[in-house]
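Undergrad: coords please:
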Amino acid sequence: MELRKKFRNKMEILVVKNKIASMALKGEGLEISEKFTDKLKGQSALIFTDIDPFKLDMMFEKNRVNLQARPGDIATDDIMIPEGNTGIPPGPVLSEFKEAKVPTKIDAGSIWVSKDTVVVRKGEAISPKLASLLSRLGVKPIKAGLSAYVVWYDGSILYEKDIKLDLDEYRRQIKEVYLNANRIAIEASYPTRETLPFIISKFELEARSLAITAGYVSKDVIIDLLVKCNNEAILLAMRSGYTGRDAIISLLAKGSRGALALYKKLEEKGYTQPSEST
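TA: Numbers count the residues shown, from 1 in each chain. Sure, this is the predicted structure:
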């Protein structure tokens, strides 16, 4: 009834016996195959609308209603009794809280729940006493709504699994495809508005690397060339035993680092004042 009111101007919802619905659809001469009418089993409703079936399914998902729990209902989600004042005076109902393992206290003539407590996990059955307690507390834990089980759309039959759209998964896939396409375009140097800045940056880095490797002198790479030459000279001096100024400085720095590391190891072992032999 609640969904009927909400969708009054968008669709017509009729609940009739399945056999009568099947006979009526066939009797009107509609081009509906038996594959459709054979699916009218159990508790069904006929919905007549011009809304796209994919959008219709999302509308149903977004407009589920919360109902009070009945004994034997299966929890559609974890059911929690929140912390706070219940407004219920102390009495026999305390035993129901105790049975549900909900910690309580009495304050100002009311029962207070001491902390948020999950009383039923998703997929578990709700006992009669717990259903009564949830009703007293005004908790409506059961989500209910309509599902498009079978759809006759533009001459085709669609089932629930065919019209289910996982929008988050589609967004993730689109994002992944976009990033992969960008990566391939950049590697292939295919210019577009999105890839051109990255391609120019890539060319600049490759040109700089080539100029440094080839020793090509320009104002853009002169500092990198000097650093490279200096490092190569120090390395060559260390390998050949040459004791020039730069080599000596490098060797002293290397020796200082080694000495500092050795001193820290000795300090950890308690040798804070090394002997001459050390």
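
Undergrad: where in the stretch 151-278 of the chain is pLDDT low?
TA: 240-267, 269-278 (pLDDT under 70).

Undergrad: mind jotting down where the strands sit in it?
TA: Secondary structure of the stretch 151-278 of the chain (DSSP state E, counting those that start in this stretch): strands located at 156-159.

Undergrad: domain parsing for this structure?
TA: 2-64+145-164, 67-141, 166-216, 220-270 (automatic domain parsing).

Undergrad: now these in CSV, with mean neighbour count?
TA: Heads up, the C-betas are built off the backbone N, CA and C, glycines and all. Formatted as CSV, these follow (neighbours: other CB atoms under 10 Å):
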stretch, mean neighbour count
domain 2-64+145-164, 13
domain 67-141, 15
domain 166-216, 12
domain 220-270, 12
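
Undergrad: now the stretch 1-150 of the chain, which segments are flagged as low pLDDT?
TA: In the stretch 1-150 of the chain, residues with pLDDT under 70: 29-31, 33.

Undergrad: which residues are in contact with residue 57?
TA: By CB atoms under 8 Å, 6 or more residues apart in numbering, residue 57 lies in contact with 147-148, 160, 163-165.

Undergrad: gap between the one helix or strand it maps to and the chain center?
TA: Assessed by DSSP states H and E, residue 57 sits inside helix 53-62. Here helix 53-62 is found 21 Å from its chain centre; the criterion is CA atoms, centre = their mean, to the nearest Å.

Undergrad: just checking, next helix/strand downstream of that helix?
TA: Taking DSSP H and E, what comes next after helix 53-62 is strand 65-67.

Undergrad: ok, that following strand: who's next to it in the sheet?
TA: strand 142-144 (antiparallel) (DSSP bridges).

Undergrad: can you tell me what sits against the strand it pairs with?
TA: So strand 142-144 is contacted by 64-70, 73, 75-77 (CB under 8 Å, 6+ apart).

Undergrad: run the last query once more with 7 Å
TA: For strand 142-144, the external contacting residues (CB atoms under 7 Å, 6 or more residues apart in numbering) are 64-67, 69, 73, 76.

Undergrad: swap in stretch 92-107?
TA: Contacts of stretch 92-107 (CB under 7 Å, 6+ apart): 81, 90, 111-115, 117, 119, 129-130, 132-133, 136.

Undergrad: one step back: please identify which of the contacts of strand 142-144 is nearest to residue 156.
TA: Distance to residue 156 across the contacts of strand 142-144 (CB to CB) is lowest for residue 64, with 26.7 Å.
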